[in-house]
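A.B. asks: Please find the sequence and the predicted model below.
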Amino acid sequence: MPRHNKTGVFINDSDYYEPLRKERNVKQIEQYNTPIMNNPSVPQRAATPTDNHIWKYGDRLYNLAYTYYGDTSFWWVIAWWNGYGTEADIRTGAVLRIPLDIAIALTVLGV
C-alpha cells in the first residue's frame with residue numbers, strides 16, 4: 001500500500017505546466033494531492049510494539065521494510081517513524097525503532 005493510496009488525484013492544468021504538457025504531448029497532467037501525515041506522539045510510540053535495529057554500513061531502508069513487512073514499498077514508514085527523510089540522513093550506529101505491525105503504524109501515521 002503506497003502512501004498515496006488515500007489521497008485524491010487532481011488534474012493540473014496550470015499555465016506553469018504548459019511547456020511540460022507540450023513536451024510530453026499531453027493535454028493534462030494528473031497529480032496526487034500531498035498526503036498529510038502525523039508524527040507519532042509519545043503515547044502512540046509507547047503503545048506500538050517495535051523492534052530495534054542498529055544501522056550499519058550497507059543497510060537500506062527498503063531491505064528492512066522487506067524483512068519486517070514483506071514489502072519494500074514501506075521503507076518510508078521506517079524513515080518517517082524515526083524522523084529521517086532518507087537513508088542518507090541515518091548515521092552508522094543509529095538505533096532505528098521499527099514498528100512490528102504495519103497496519104498499526106499506518107494508522108498512527110494517519111495514512
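C.D. replies: Received the coordinates, thanks.

A.B. asks: Backbone torsions only: list them for Asn52.
C.D. replies: The phi/psi pair for Asn52 (degrees, to the nearest 10) reads phi -90, psi 140.

A.B. asks: unless I'm mixing things up, it is touching Leu96, no?
C.D. replies: Yes - look at Asn52 against Leu96 with C-beta atoms under 8 Å: they come within range, at 7.1 Å. To be clear about C-beta, it is placed using only N, CA and C from the backbone, and glycine gets the same treatment.

A.B. asks: And the two? Which one has more around it.
C.D. replies: Leu96 (20 against 8; other C-beta atoms under 10 Å).

A.B. asks: Name whatever forms a beta bridge with the more buried one.
C.D. replies: His53 (DSSP bridges).

A.B. asks: give the contact list for it.
C.D. replies: Leu96 makes contact with 52-55, 64, 78, 82, 90, according to C-beta atoms under 8 Å, 6 or more residues apart in numbering.

A.B. asks: and the residue nearest the centre of the chain, helix, strand or coil?
C.D. replies: When C-alpha atoms, centre = their mean is applied to the chain, the residue found nearest the centroid is Trp76 (2.9 Å). Classification of Trp76 by DSSP: H, G, I helix; E, B strand; the rest coil places it in helix.

A.B. asks: For it, report the pLDDT, please.
C.D. replies: What the model reports as pLDDT for Trp76 is 93.

A.B. asks: ok, it to Pro99 distance?
C.D. replies: Trp76 sits 12 Å away from Pro99, taking C-beta to C-beta, to the nearest Å as the criterion.

A.B. asks: Neighbours of Thr50, how many?
C.D. replies: 17.

A.B. asks: next one: phi and psi at it?
C.D. replies: Torsion angles, degrees, to the nearest 10, at Thr50: phi -130, psi 160.

A.B. asks: Tell me, how many residues neighbour the nearest residue to Glu87 once chain neighbours are set aside?
C.D. replies: Leaving aside its sequence neighbours, Glu87 sits nearest to Leu61 (C-beta to C-beta, 6 or more residues apart in numbering; 4.8 Å). Using other C-beta under 10 Å, Leu61 has 22 neighbouring residues.
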